[in-house]
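show me the folded form of this:
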Amino acid sequence: MTKIKIENLIFFAEKGLLVIVALATLFASLVEVKVMLENGVVTLADLLLLFIYTEVLGMVGVFYKSSKIPITLPLFIAMTALSRLIILKGSGSDPTNILFEAGAILLIALACLVIRFRPNEKTWDD
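As a prediction, this is how the structure comes out:
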């Protein structure tokens, strides 16, 4: 295969996988909304899960459009996921684990701050 054919194959495979990720995320969102409607209750954990789905869709959209992922988007998803984990564990969890998880959120937030204010003129987030 020539180099151009391989590049085209990778390009179309990437776009196809992005569509699959977007469709799977939409499906998971609909399933979550269905569960909330059936239960008649919306919890903070449910909302955070929907927010994670929204961030994933946003990341797919940005990558589909520009072929670049701002590094802060996966970091926001990680912070939201850790927050949801803390909420799901609730008060039955070991306080030390909660402190470690909260510390991880703080470290990721600091990483976002450093990335946002780095002196490099050419950033993906702009």
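
name the nearest residue to the residue nearest the centre of the chain, sequence neighbours excluded.
Centroid-nearest residue in the chain, with C-alpha atoms, centre = their mean: Ile77, separated by 3.4 Å. Distance criterion C-beta to C-beta, 6 or more residues apart in numbering; nearest residue to Ile77, sequence neighbours excluded, is Glu55 at 4.9 Å. Yep, even glycine has a C-beta here, placed from its N, CA and C like the rest.

do Phe63 as well
Ile69 (5.0 Å).

does that neighbour touch Val62 like I think?
Yes - between Ile69 and Val62 there is a contact at 6.5 Å, judged by C-beta atoms under 8 Å.

what comes up buried for the helix or strand hosting Leu110?
According to DSSP states H and E, Leu110 maps onto helix 95-116. Residues of helix 95-116 classed as buried: 101, 105, 108, 112, 115 (neighbour count, 16 or more other C-beta atoms under 10 Å).

Ala28 against Tyr53, yeah?
Yes - if you go by C-beta under 8 Å, Ala28 and Tyr53 touch, sitting 6.1 Å apart.

and the two? which has more neighbours close in?
Neighbours per residue, other C-beta atoms under 10 Å: of Ala28 and Tyr53, the larger number sits with Tyr53, 20 against 15.

quick one: the helix or strand hosting Ala81 to chain centroid distance?
For Ala81, the host element (DSSP H and E) is helix 72-89. Here helix 72-89 is found 8 Å from its chain centre; the criterion is C-alpha atoms, centre = their mean, to the nearest Å.

who touches that helix?
With contact meaning C-beta atoms under 8 Å, 6 or more residues apart in numbering, helix 72-89 is reached by 44-45, 48-49, 51-52, 55-56, 58-59, 62, 93, 97-98, 101-102, 104-105, 108-109, 111-112, 115-116, 125.

list the buried residues of the lengthiest helix in the chain.
Using DSSP state H, we find that the single longest helix of the chain is helix 3-39. By 16+ other C-beta under 10 Å, the buried positions in helix 3-39 come out as 18, 21-22, 25, 29, 32, 36.

thanks again, I'm all set now.
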